[in-house]
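Engineer: Below are the sequence and a predicted model for it; my questions follow.
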Amino acid sequence: MTTEELLATATSGLSDAKASERNAIADLKQASRQVRIQSIRLAIARTGIPAWVAMLIAGSAAAFVSAMVQIFVVDAGLPVLLAGLIFAYAIFGGAAFYVFRSKAGEDDVNRVQIRTRELESAKARLNVSQRTRKERAQSVALAQQHLASIQSVLNSAAHRHEAATNRLLNIDPGRLYPDEFERYVADIFTHLGYSAETVGASGDQGVDVVACKGPLRLAIQAKRHQGAVGNSAVQEVYAGMAHRKCHHCIVVTNSSFTTAAIALAESTGCMLIGGDSIHQLIRGELSL
């Protein structure tokens, strides 16, 4: 797996961890609400106040607050005042009745016992939710650390790549000996992510460098030359491509190419890289 793929996987993992944490937070909030509700239900049961009395108290209190606001703050008219009173009483009173109502199986004898068990159950769920929330937070922290470490590696790799690019760009290929130029071309393709090696003068069959990336094999002739390179270089590397069982052939030179070489390269599919394009090759701007 490449570093870029590791980065994508780590980013996805962090996103999943954060989603799980959000779900855990929502569950924790729900569990906390249930504990509060069950605590109030138990407290009401212990006082012996019936649900309908709780409804009257809550509804009346809400209606009173609504009336004070409408009279002294809003200065509402009588119809609006009455509507507000009815609405506040119905909503808050109804909510109180719903929360404090006796559930199936509850009666005056067992109500406190049942609600005590419900509160204990709610607290147990809250404890589980708290542990889950903590675990999810730890997972997010670990995912963030993992992503940060990969990004650090990428940044370091990017720095090394930039330094290698500048080193290759600062070399004047015209000042190299032929064998140095071959190694220079091999270094360029290694820099581009290929596994490149020089073939050597003995029995090279027109191929100076073989560069591989995955299943792709490139046959490359590195031509350190004075003047324009002729079509013989294209003929040699094209034949060497078949001999080396490569998929494509390239001629790289510090110079330029004759018209005949360009025409032959077009008909054979051989790629020509002249001295004016070497910097583009180093920067990865050429499609190989």
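Structural biologist: In hand now; what should we look at?
Engineer: how's the protein carved up into domains?
Structural biologist: 3-148, 173-282 (automatic domain parsing).
Engineer: Ok, which of these comes nearest residue 160?
Structural biologist: domain 173-282 (10.3 Å; C-beta to C-beta). For the C-beta atoms, the positions are set from N, CA and C on the backbone; glycine is no exception.
Engineer: Ends of the closest one, what's the gap?
Structural biologist: Here the two ends of domain 173-282 are set 12 Å apart, with distance taken as C-alpha to C-alpha, to the nearest Å.
Engineer: so what does the helix ranked longest in the chain touch, helix or strand wise?
Structural biologist: When secondary structure is assigned using DSSP state H, the longest helix within the chain turns out to be helix 111-169. On a contact count with 3 or more C-beta pairs under 8 Å, 6 or more residues apart in numbering; DSSP states H and E, helix 111-169 meets helix 3-47, helix 178-191, helix 278-282.
Engineer: Please give the centre-to-centre distance between that helix and its chain.
Structural biologist: 14 Å (C-alpha atoms, centre = their mean, to the nearest Å).
Engineer: average model confidence for that helix?
Structural biologist: Mean pLDDT, computed over helix 111-169, is 90.
Engineer: how close does residue 284 sit to residue 277?
Structural biologist: Distance of residue 284 to residue 277, computed by C-beta to C-beta, to the nearest Å: 12 Å.
Engineer: coming back round to it: single out the most deeply packed of the helices and strands packed on helix 111-169.
Structural biologist: Among the helices and strands packed on helix 111-169, helix 178-191 has the highest mean neighbour count (mean count of other C-beta atoms under 10 Å), at a mean of 20.
Engineer: Would you mark the buried spots in the next helix-or-strand element following that helix?
Structural biologist: Next helix or strand after helix 178-191 toward the C-terminus (DSSP states H and E): strand 195-198. For strand 195-198, the neighbour count (16 or more other C-beta atoms under 10 Å) marks 196, 198 as buried.
Engineer: Ok, which of the helices and strands packed on helix 111-169 comes nearest residue 140?
Structural biologist: Nearest to residue 140, of these and by C-beta to C-beta, is helix 3-47 at 4.6 Å.
Engineer: Just list what that closest one packs against, helices and strands only.
Structural biologist: In terms of contacts (3+ C-beta pairs under 8 Å, 6+ apart), helix 3-47 is packed against helix 78-100, helix 111-169.
Engineer: and the angle for the longest one with helix 178-191?
Structural biologist: Using axes from the mean of the first three to the mean of the last three C-alpha atoms, to 10 degrees, the inter-axis angle of helix 111-169 relative to helix 178-191 is 160 degrees.
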